[in-house]
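**Student:** Would you be able to build a 3D model of this:
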Amino acid sequence: MILWPALAATAVFAQLPPLPAPLAMPKPGPVTDGPYAPQSILPGGVVVPLYPPGSAFLNADRIREAEQYNMSQAVPGRIGSIVNIHNPSIEVHTVDRGLNTGAAVILAAGGGHNTLNVGTESADFVPFFYNYGVTTIILRNRLRRDGYNPQTDAVNDALQAIRLVRAYAKEWNIDPKKIGIMGFSAGAELSAPAAVLFEEFDKKNSDSADPLAGITSRPDFTGIIYPGPTPFARNRTPPPIPRHAPPAFLACAGSGDRGHAVWAIEYYSAMLSIGIPNIEMHLYGNGRHPGDALPNGNRMTGGLTDRNGIPFGTWQFRFIDWFRDLGYLQAPGVETKAARDTATFLKQPVRVPGQGRPQANAAPGNP
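**Tutor:** Here you go, the predicted structure:
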């Protein structure tokens, strides 16, 4: 005998209690009389401003302004992007000693220099890289919307971040020879120049009063993901390529993101033309740029998005393949294949673009 229908007709059910409010919601720090203190956007982050108070790099008139967070409307506590950044910083997330490879990646998020998309293109990577024993560092660089020049101010922020991480490498259990930067879209307009402008930056910032003087801003590796225009874009005057430019990993959709794919190709071609070792590029046949409109009215998202199972959604695993192949996932202190390959390349005659044979008498450092 089934009694459920009769029971349902006579029973009185208690109502569920209301849901509690979300806990530990991230929020910007308060405005004080001193420089704004950037706050961690994820639990456990160590936040360090890039420049000391009074630095010539900073805008003294705006240094006290608080950052502004753009929060997800559907996921409590999830920061989508940040704007109003006047005291740029890094947020460091280390890994347990048992996993630690000593490698560290600084993430430069995109957003068209109008916002800093730290959700999909920074915060989401912390657990991903943790699984491989890689320390993740979120860069909060200055934006064009707030009055800064991406090609100078933001690139300086990226190079300063590399120096700062290297200065504190011991405290954070980081191998100082395994520190790199990965940029997405507009953020790749920071990671790509960092690979070729580090010598110039270091010379300009070598004053003995600078606590970071003598610490190189050269990245040991570079990630250039669906990039904006690099220093080798057609409408720019390309800088000389240092012969010890770091290895680079590039990934982008192809025909569905043609403009960014062309910028990736230009960077790849410039490095390939003089023989910089370990430059790898993946251009996918199917895919679009983050922010592009989709047929259902939504917008394409970036970072680790699966992208409905298409191969472009697995670029991060191709990066790990490349990263492992170059020796960055070995124990701290073990020389990487990337470092050995660069040392071997520096001993070779200089390759002149457009010519089949290297010229032994060419001037070092010139492509």
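**Student:** Which SSE is immediately downstream of the host helix or strand of residue 157?
**Tutor:** According to DSSP states H and E, residue 157 maps onto helix 155-167. Per DSSP H and E, the first helix or strand lying C-terminal to helix 155-167 is strand 179-184.
**Student:** Distance from the chain centre to that following strand, please.
**Tutor:** How far strand 179-184 lies from its chain's middle: 4 Å, per CA atoms, centre = their mean, to the nearest Å.
**Student:** Check stretch 245-265 too.
**Tutor:** Remark: stretch 245-265 is offset 15 Å from the chain centroid, using CA atoms, centre = their mean.
**Student:** hang on, the earlier thing: could I get the helix holding residue 157 in PDB with only the CA atoms?
**Tutor:** What follows is helix 155-167, C-alpha atoms only, in PDB (Å, rounded to 0.1, in the frame of the first residue of the first chain):
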ATOM      1  CA  VAL A 155      55.800  48.000 -18.900                       C
ATOM      2  CA  ASN A 156      57.900  49.600 -16.100                       C
ATOM      3  CA  ASP A 157      55.500  48.000 -13.700                       C
ATOM      4  CA  ALA A 158      56.100  44.600 -15.200                       C
ATOM      5  CA  LEU A 159      59.900  44.900 -15.200                       C
ATOM      6  CA  GLN A 160      59.800  46.200 -11.700                       C
ATOM      7  CA  ALA A 161      57.700  43.300 -10.600                       C
ATOM      8  CA  ILE A 162      60.300  40.900 -12.000                       C
ATOM      9  CA  ARG A 163      63.100  42.600 -10.000                       C
ATOM     10  CA  LEU A 164      61.000  42.700  -6.900                       C
ATOM     11  CA  VAL A 165      60.200  38.900  -7.000                       C
ATOM     12  CA  ARG A 166      63.800  38.100  -7.600                       C
ATOM     13  CA  ALA A 167      64.800  40.300  -4.700                       C
END
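**Student:** buried sites along it?
**Tutor:** The neighbour-count criterion (16 or more other CB atoms under 10 Å) identifies 155, 156, 157, 158, 159, 160, 161, 162, 163, 164, 165, 166 as the buried residues of helix 155-167. (Glycine included, C-beta is placed from N, CA and C.)
**Student:** ranges for the helices of the chain?
**Tutor:** For the chain, the helices defined by DSSP state H cover 4-10, 125-130, 155-167, 188-204, 258-274, 315-325, 337-346.
**Student:** distance between the ends of stretch 267-280?
**Tutor:** Terminal residues of stretch 267-280 lie 11 Å apart, using CA to CA, to the nearest Å.
**Student:** Name the residues that touch it?
**Tutor:** Applying CB atoms under 8 Å, 6 or more residues apart in numbering, the set of residues contacting stretch 267-280 from outside is 192, 224, 227, 230, 232, 238, 241, 243, 245, 247-250, 281, 322, 326, 337-338, 341-342, 344-345, 348, 350-354, 358, 367.
**Student:** Buried only: go through those residues for me.
**Tutor:** Among the contacts of stretch 267-280, those classed as buried by 16+ other CB under 10 Å are 192, 224, 227, 230, 232, 241, 243, 245, 247-250, 281, 322, 326, 337-338, 341-342, 345, 350-351, 367.
**Student:** Residue 331: neighbour count?
**Tutor:** Neighbourhood size, residue 331 [other CB atoms under 10 Å]: 10.
**Student:** just checking, it touches residue 103?
**Tutor:** No. At 10.4 Å, residue 331 and residue 103 do not qualify as touching, with contact defined as CB atoms under 8 Å.
**Student:** related to what we said a few turns ago, okay if I get the helices of the chain as TSV plus distance to residue 139 and mean pLDDT?
**Tutor:** As requested, the helices of the chain are exported to TSV (distance: least, CB to CB, whole Å; pLDDT from 0 to 100):
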stretch	distance to residue 139	mean pLDDT
helix 4-10	58	53
helix 125-130	12	98
helix 155-167	5	98
helix 188-204	8	98
helix 258-274	20	97
helix 315-325	18	98
helix 337-346	22	98
